[in-house]
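*Asks:* Structure of the sequence below:
(one chain, ligands or ions: 2)
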Amino acid sequence: MNPRDFPTIDEIEEILLEHSYVTDRVLATVIYLTLKLRKPLLLEGEAGVGKTQIAKTLAEVMGAPLIRLQCYEGLDVNSTIYEWNYTRQLLHIRMLEATACDIDDQVERDLFGEQYMIKRPLLQAIELAEDGSVPVLLIDELDRADEEFEAFLLELLSDFQITIPEIGTIRAPEPPVVVITSNRTREIHDALKRRCIYHWIDYPTLEKEYRIVTLKVPQAPAQLALQMVQFVHEMRELDLYKLPGVAETLDWAEALVALDAQELDLPVVEDTLGLLLKYQDDFEVVRKGHAEKLIESARSQSVEQRALESPGIASG
Ligand SMILES: Nc1ncnc2c1ncn2[C@@H]1O[C@H](COP(=O)(O)OP(=O)(O)O)[C@@H](O)[C@H]1O
Ligand SMILES: [Mg+2]
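*Replies:* Numbers count the residues shown, from 1 in each chain. Ligands and ions are numbered 1, 2, ... in the order given. Here you go, the predicted structure:
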């Protein structure tokens, strides 16, 4: 599907849902604009709230290749744009020598042609896929890269072209769909933000998280799913070092299903807390002071929720 073909925002919500991604109105609008205006989308939010998944799902929906650049400190041209394939170049030279051919200027030029180049994600992303589709470029966890890389990215994102000394300037025939994520361990520069459509992904509402759990772990009994989601929501109010994201809720749901749990109770919660929390101090906080209260509250509220039959929750 061509990214410009999405006629409405509602349709974006529907198609993403068909591909197991739950959006809300604002996020669907932002995605719609990203596709229509072809402006990069910068997603910030805590870990595990569904940032990376958006790029993956978009690529799936568009039937386009996903080109992923995982950021880390020290990213450079060789790992992000291109690198010469020295082994192949050397082999070619050896072959010429063996056949007693001269190594002249033309040979040298050939040696620095596209066939001796290893294309890295940013270069791949400004070319169309073989079937002519526009790729989705995911620049994941940009906050992990250093600022020089950000400056370089700024240039690329402004005109979608790359200059390679030996070859010349390569320009994207059509800008790729770009999704940049950041876990906000540091601020992304204003200049880059200005180039992008910005969206903060918060922890989901109770209703949204319930929909995600029932969509992704359909084996979970409704009662259990409701209680879990309530539990996680109240847990996010606690003063913990690392709050659980949607990823942790889903892992927990799978664990509880594997244990055949029908409802939350103290033993089952204590035994499986390691799927939600990853720091010993957080464990202590929850075990010593809050586990029972959280369970009680989740159990009573989930009964209330069902009684109220709130449309979103009851129909899932
Ligand atoms: N809105 C959502 N709809 C469906 N699944 C979601 C949603 N948000 C998060 N998830 C799931 O949660 C997990 C973590 O998402 P991910 O995109 O890796 O988080 P992040 O990149 O923000 O750290 C994935 O399994 C993803 O499918
Ligand atoms: Mg991620």
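*Asks:* Show me what from the chain comes close to ligand 1.
*Replies:* Residues of the chain lying close to ligand 1 (C-beta under 6 Å from any ligand atom) are 20-22, 45, 47-53, 181, 212, 216, 246-247, 250. (Each C-beta comes from the backbone N, C-alpha and C, glycine too.)
*Asks:* Can you turn the buried part of those residues into a PyMOL selection?
*Replies:* Here is the PyMOL selection string for the buried members of these, based on 16 or more other C-beta atoms under 10 Å:
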select buried, resi 21+22+45+47+48+49+50+51+52+53+181+212+216+246+250
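*Asks:* Next, the residue of the chain most remote from its centre: secondary structure please.
*Replies:* Relative to the C-alpha centroid of the chain, counting by C-alpha atoms, centre = their mean, residue 100 is the outermost residue, at 52.4 Å. Three-state call for residue 100 (DSSP: H, G, I helix; E, B strand; the rest coil): coil.
*Asks:* so what's the residue of the stretch 1-150 of the chain found nearest ligand 1 up against?
*Replies:* Nearest residue of the stretch 1-150 of the chain to ligand 1, counting by C-beta to the nearest ligand atom: residue 50, 2.4 Å away. If you count contacts by C-beta atoms under 8 Å, 6 or more residues apart in numbering, residue 50 has them with 21, 201, 204, 246.
*Asks:* and with 7 Å instead?
*Replies:* 201, 246 (C-beta atoms under 7 Å, 6 or more residues apart in numbering).
*Asks:* ranges for the strands of the stretch 1-150 of the chain?
*Replies:* 41-45, 66-70, 82-84, 117-119, 136-140 (DSSP state E, counting those that start in this stretch).
*Asks:* Identify the residues contacting the third one?
*Replies:* Meaning strand 82-84. With C-beta under 7 Å, 6+ apart, strand 82-84 has contacts from 116-120, 123, 164.
*Asks:* just to revisit the earlier point, just name the most buried of the strands of the stretch 1-150 of the chain.
*Replies:* Highest mean neighbour count of the strands of the stretch 1-150 of the chain: strand 136-140, a mean of 25 (counted as mean count of other C-beta atoms under 10 Å).
*Asks:* Hey, what's the angle from that one to strand 41-45? Just curious.
*Replies:* Per axes from the mean of the first three to the mean of the last three C-alpha atoms, to 10 degrees, the angle that strand 136-140 makes with strand 41-45 is 30 degrees.
*Asks:* Centre of the chain to strand 136-140, how far?
*Replies:* 8 Å (C-alpha atoms, centre = their mean, to the nearest Å).
*Asks:* Using CSV, list the CA coordinates for the lengthiest helix in the chain.
*Replies:* Criterion DSSP state H: the longest helix present in the chain is helix 291-308. Written as CSV, here are the backbone C-alpha positions of helix 291-308 (Å, rounded to 0.1, in the frame of the first residue of the first chain):
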residue,chain,number,x,y,z
ALA,A,291,1.1,-6.0,47.1
GLU,A,292,-2.0,-6.9,49.2
LYS,A,293,-3.5,-3.5,48.8
LEU,A,294,-2.9,-3.5,45.0
ILE,A,295,-4.5,-6.9,44.7
GLU,A,296,-7.5,-6.0,46.8
SER,A,297,-8.0,-2.8,44.9
ALA,A,298,-7.7,-4.5,41.5
ARG,A,299,-10.1,-7.3,42.5
SER,A,300,-12.8,-4.9,43.8
GLN,A,301,-12.4,-2.4,41.0
SER,A,302,-12.5,-5.1,38.3
VAL,A,303,-15.8,-6.3,39.7
GLU,A,304,-17.1,-2.7,39.6
GLN,A,305,-15.9,-2.3,36.1
ARG,A,306,-17.7,-5.3,34.9
ALA,A,307,-20.8,-4.3,36.8
LEU,A,308,-20.7,-0.9,35.1
